[in-house]
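Asker: Starting from these lines, generate the structure:
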Amino acid sequence: MEEIENLDFFNMDRRSFLKVVGAIGASAFLGLHHSDISRALELSKTKIIWVHGAECTGCSESLLDAGNPDIVQAIQKLNVDVVYHETLLAQQGIFVDGKPAGTSEMNSEILLDEAIEEGDYILVVEGAVANGPDGTGKYCMYGERTFKEIFKKAASNATLIMAVGMCATYGGINSADSDIADLTDFRGVAFQKVNPSKGMLTELGIEKPVINIAGCPAHPDWMLLTLAAVILGKVDVNDLDPILDRYKRPLVFFPQGNTIHDNCPRRGYYDRGIFDTEFSGDACLWKLGCKGPYTHSECALRRWNGSVNMCTQAGSPCISCCEPGFFDNGAPFYVEAEDKAILSGVNMDTAAKVGVAAATVGVAAHAARRIFFNKDDKKEEEK
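Answerer: As a prediction, the model looks like this:
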């Protein structure tokens, strides 16, 4: 434990980090760094402005459902001042003749403006930003203002932007292919799907450091540990590239060399070529649409609900909700993914049919699939 306490979590190699935080989680992290946190408390309080665009508030609910530490404990330990959070505020926006009326004590609109003008805060964005119709942003309104306007003002004065959830990071369901997608034109903070040139920051001409906490919803540990690392100086907000992937996700939570499939509780069935074809079975969920082999996330190590469960363990195929392009990249959710040439142009089903032993097919296919996708990743990184 003493050795773990002295480790710099965001500078250690990925394997070591995953091994440690997979075992101890956010609670132990905050506990082990209590002395660092205490010193930070003496210096300053970190202000957070948390704004909501087009979303379901699922990431806030995920954070509020965190049990150890719960949100109150985390805020107290990190000396965080949540200046503004639309869902948690008891205040309301009051307008008279189109203008906010009253004071910040009763009017959340005035509170938000005053907090932004004071500056020196971390901006947490939950939800996509509407750019449509025709660049007006009017498909997402807050009282008399568009969320695009609110986001622009808040982003311009922030020291760091943390986008949480798929809607804020890459547009999420709001940006999914549809007949009205171009009209509504929802954007993530720094990306639209996988395209950084269409992120809302680029649209507005704003340059700010961004950390994307992917997931639908994001895991509470991912949010809390990232926030803690920033507050404790474990990451340099002016030099984030070494700890982020090309989609601005922390590599420690979204490792490029591993997928959910690698540590899935059902992985042994895959290796033996045993697949469920109906729900409620115990075998591999590949034929029911599991996207675990394509999804870079540590869900299978950290797990959910107090670190006791995860989607595939509970019987649901992975729908790749941590990868840019979600929902489109995972749809249809419960249909086997398109064939991939993994064994000299032969897919796993075909190989099985020509009489190769099931165990050999499973292991060989798994190894070949990892080589195939690792090559794809390297090609993408070289572009």
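Asker: Skipping adjacent residues, who's closest to Ile260 in space?
Answerer: Gly292 (4.2 Å; CB to CB, 6 or more residues apart in numbering). C-betas here are computed from N, CA, C, even on glycine.
Asker: Ramachandran coordinates for that neighbour?
Answerer: Dihedral pair for Gly292: phi -50, psi -40, per degrees, to the nearest 10.
Asker: list the contacts for it?
Answerer: The contact partners of Gly292, taken as CB atoms under 8 Å, 6 or more residues apart in numbering, are 259-261, 264, 285, 300, 312, 317-318.
Asker: which residue packs closest to Leu204, ignoring adjacent ones?
Answerer: Closest residue to Leu204 apart from its sequence neighbours, by CB to CB, 6+ apart: Lys152 at 5.2 Å.
Asker: how much space between the residue nearest to Ile260 and Ile173?
Answerer: 21 Å (CB to CB, to the nearest Å).
Asker: repeat for Ile71
Answerer: 25 Å.
Asker: Same check on Gly135?
Answerer: On the measure of CB to CB, Gly135 and Ile173 end up 22 Å apart.
Asker: Neighbour count for those two, which is higher?
Answerer: Ile173 (17 against 10; other CB atoms under 10 Å).
Asker: List the contacts of the more buried one.
Answerer: When contacts are counted by CB under 8 Å, 6+ apart, Ile173 touches 166-167, 327.
Asker: same check, this time on Thr57
Answerer: Counting by CB under 8 Å, 6+ apart, Thr57 makes contact with 87, 126.
Asker: Mind doing that once more with 10 Å?
Answerer: Applying CB atoms under 10 Å, 6 or more residues apart in numbering, we find Thr57 in contact with 64, 86-87, 126-127, 165, 217.
Asker: again, but for Leu160
Answerer: Contacts for Leu160 (CB under 10 Å, 6+ apart) come out as 121-124, 208-211, 227, 230, 235, 237-238, 240.
Asker: Give me the number of neighbouring residues for Cys299.
Answerer: A count of nearby residues for Cys299, using other CB under 10 Å, gives 24.
Asker: again with Leu204
Answerer: 16.
Asker: Sketch out the helices for the stretch 51-200 of the chain, chain order is fine.
Answerer: For the stretch 51-200 of the chain, applying DSSP state H, counting those that start in this stretch gives helices covering 58-64, 71-78, 108-118, 147-156, 165-170, 181-184, 200-204.
Asker: tell me the most buried of those helices?
Answerer: Ranked by mean neighbour count, the helices of the stretch 51-200 of the chain are led by helix 165-170 with a mean of 32 (mean count of other CB atoms under 10 Å).
Asker: other SSEs contacting it?
Answerer: strand 46-52, helix 58-64, strand 121-126, strand 160-164, strand 186-187, strand 210-213 (3 or more CB pairs under 10 Å, 6 or more residues apart in numbering; DSSP states H and E).
Asker: Same list, those, but as CSV with distance to Met200 and mean pLDDT please.
Answerer: Below are these laid out as CSV (distance: least, CB to CB, whole Å; pLDDT from 0 to 100):
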stretch, distance to Met200, mean pLDDT
strand 46-52, 12, 94
helix 58-64, 17, 91
strand 121-126, 9, 97
strand 160-164, 10, 98
strand 186-187, 4, 98
strand 210-213, 11, 98
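Asker: before we move on, back to that, quick one: which of the helices of the stretch 51-200 of the chain has the weakest pLDDT on average?
Answerer: Averaged per stretch, pLDDT over the helices of the stretch 51-200 of the chain is lowest on helix 71-78, reaching a mean of 74.
Asker: same for that one, what does it pack against?
Answerer: Judged by 3+ CB pairs under 10 Å, 6+ apart, helix 71-78 is in contact with helix 14-32, helix 34-43, strand 46-52, helix 58-64, strand 80-85, helix 220-231.
Asker: worst average pLDDT in the ones you listed?
Answerer: Looking over these, mean pLDDT reaches its minimum on helix 34-43, with a mean of 54.
Asker: Test my guess that Ala283 contacts Asp276.
Answerer: Yes. The pair Ala283 / Asp276 is scored as a contact, 4.5 Å apart, by CB atoms under 10 Å.
Asker: Can you pull the residues that touch both of these two?
Answerer: Residues touching both Ala283 and Asp276 (CB under 10 Å, 6+ apart) are 266, 269.
Asker: List the residues that contact Leu240.
Answerer: Leu240 is in contact with 160, 209-211, 230, 248, 250, counting by CB under 10 Å, 6+ apart.
Asker: what pLDDT does it get?
Answerer: For Leu240, pLDDT reads 93.
Asker: Return the distance of it relative to Val230.
Answerer: From Leu240 across to Val230, the span is 10 Å (CB to CB).
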